[in-house]
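[1] model the following, please.
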Amino acid sequence: GGAMRGCLEAPFELVKTRQQLGATWSQRSLFIGMRSACLRTAAVIGTFWLVFEASAGWRALLPPLLADFVGGGMCSVIAWALIYPLDTAKSRIQGRVEHNQAGAGVISELAALRRVYGVASWYRGIQAGLLRAFLANGSGMLAYGWVCQRMAVRAL
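    The predicted structure follows:
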């Protein structure tokens, strides 16, 4: 599921990244970074659900809607924190406008970043990313839980 979603998101991510950098894009460039986008999205979604299932015990101790919000938020923060270097590499690959470096992959991109700026460069912007992930995924799981509760009441 995550890899397919990454493939669907990749062209939109490229346009967003290029526009953020004030760079141009064309139809031919829409699939730059496809592998890195698929890898990133599959990793974050897989990690999210692994952590979400593993956290069922402590989430059960909370009231249902709070469990949904905190569970969705915290599990997404853990997932994004673990895979954030993949997101950094994806963004750099998609933001690159020099055609002579278009073939660089995730590993070579992360190695170049480490060599020039250190490992900390893999995590630039993580604070904003984690806050967004907590609020977006917590809210999403809260809405999902609320709808499930309403559907269960109607089924009675």
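[2] quick one: the top helix by length along the chain to chain centroid distance?
    When the chain is parsed with DSSP state H, its longest helix is helix 64-95. Chain-centre distance of helix 64-95: 5 Å, with Cα atoms, centre = their mean, to the nearest Å.
[3] run through the protein and note the low-pLDDT ranges.
    In the predicted model, the chain carries pLDDT under 70 at residues 97-103, 156.
[4] rewinding a little: which elements pack onto the longest helix of the chain?
    Helix 64-95 is packed against helix 2-20, helix 34-54, helix 56-59, helix 106-117, helix 126-155, with contacts defined by 3 or more Cβ pairs under 8 Å, 6 or more residues apart in numbering; DSSP states H and E. Placement of C-beta: from N, CA and C, glycine included.
[5] in the shortest one, what counts as buried?
    Judged by neighbour count using 16 or more other Cβ atoms under 10 Å, the buried positions of helix 56-59 are residue 59.
[6] and for the second one?
    Using 16+ other Cβ under 10 Å as the burial criterion, the residues of helix 34-54 that qualify are 34-45, 47-48, 51-52.
[7] alpha carbons of that helix, in PDB - could you do that?
    Taking C-alpha atoms only, helix 34-54 is exported to PDB below (Å, rounded to 0.1, in the frame of the first residue of the first chain):
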ATOM      1  CA  MET A  34      10.000   8.100  -7.900                       C
ATOM      2  CA  ARG A  35      12.100   5.400  -6.200                       C
ATOM      3  CA  SER A  36      12.900   7.600  -3.300                       C
ATOM      4  CA  ALA A  37       9.300   8.700  -2.900                       C
ATOM      5  CA  CYS A  38       8.000   5.100  -3.000                       C
ATOM      6  CA  LEU A  39      10.700   4.000  -0.500                       C
ATOM      7  CA  ARG A  40      10.000   6.900   1.900                       C
ATOM      8  CA  THR A  41       6.200   6.500   1.800                       C
ATOM      9  CA  ALA A  42       6.300   2.700   2.100                       C
ATOM     10  CA  ALA A  43       8.700   3.000   5.100                       C
ATOM     11  CA  VAL A  44       6.700   5.600   6.900                       C
ATOM     12  CA  ILE A  45       3.300   3.900   6.400                       C
ATOM     13  CA  GLY A  46       4.700   0.500   7.300                       C
ATOM     14  CA  THR A  47       6.500   1.800  10.400                       C
ATOM     15  CA  PHE A  48       3.300   3.700  11.500                       C
ATOM     16  CA  TRP A  49       1.100   0.600  11.400                       C
ATOM     17  CA  LEU A  50       3.800  -1.500  13.100                       C
ATOM     18  CA  VAL A  51       4.100   1.000  16.000                       C
ATOM     19  CA  PHE A  52       0.300   1.600  16.000                       C
ATOM     20  CA  GLU A  53      -0.400  -2.200  16.500                       C
ATOM     21  CA  ALA A  54       2.500  -2.500  19.100                       C
END
